[in-house]
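Q: One predicted model, sequence on top.
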Amino acid sequence: MCVRNSYNVSDYVNWDALLILIRRLYDDGNYKISLLVSCGCFFGLRISDIRSLTWNDILDKEKVVIVEKKTKKRREIMINPQLQKHILSCYISLKSPNKNTKCFLSQKKTVYTTQSINRILKKVKREYDIKAEHFSTHSLRKSFGREIVESAGKNAEFALIKLSELFNHSNTMVTRRYLGLRKEELLETYKLLRF
């Protein structure tokens, strides 16, 4: 929850740090949150769409097809083969729940709220020393976008065009601002000055 008149923007997390986090959460027996973080950063979905996933949607699948809650647009997402293995491992470790149930149920058998997931992620940030000032559900989506751009190297502009479409942004400038790239580019301007 944001404090009124405050400036609270989710930060992205370094991709390698996220991969380590996913493994550590799993190794510590926190299978559900390991799965949540992995789906968040590999799918690039909003938390409202991640919360609605069932085991049938993601287990033993090469792709997920959803209709996004916010945009009402159909979206196809390829599931990385290593992520498929992780999903199966989490499913087995969680004692193979009914495939028709939601993946992210609390102990009360209700789907985690966005607020409760953000509380969990704050705790994860502290316990696992995550290097992000504001780590929340949206950090996972931003980390997905940052990794796509950074992995593209020389093709970063083309990656931004694809991300702009995936994120349903009006143009790449919005995507740059969303990922924090624009702010970094503008701050680089100050480094041009000499004293």
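A: It's in.

Q: just the strands in the protein please.
A: For the chain, the strands defined by DSSP state E cover 63-67, 74-78.

Q: so can I have CSV of those strands showing distance to F42, mean pLDDT and mean neighbour count?
A: From N, CA and C alone the C-beta is placed, and that goes for glycine too. Output for the strands of the chain, formatted as CSV (distance: least, Cβ to Cβ, whole Å; pLDDT from 0 to 100; neighbours: other Cβ atoms under 10 Å):
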stretch, distance to F42, mean pLDDT, mean neighbour count
strand 63-67, 10, 94, 13
strand 74-78, 8, 93, 13
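
Q: Tell me which other helices or strands the helix of greatest length in the chain touches.
A: In the chain, with assignment by DSSP state H, the single longest helix is helix 137-152. Where contact means 3 or more Cβ pairs under 8 Å, 6 or more residues apart in numbering; DSSP states H and E, helix 137-152 is packed against helix 15-27, helix 31-43, helix 47-51, helix 114-127, helix 156-166, helix 172-179.

Q: For that helix, list every residue counted as buried.
A: Neighbour-count burial for helix 137-152 flags 137-149 (criterion: 16 or more other Cβ atoms under 10 Å).

Q: dump the residue contacts of D57.
A: D57 makes contact with 64, 66, 103, according to Cβ atoms under 8 Å, 6 or more residues apart in numbering.
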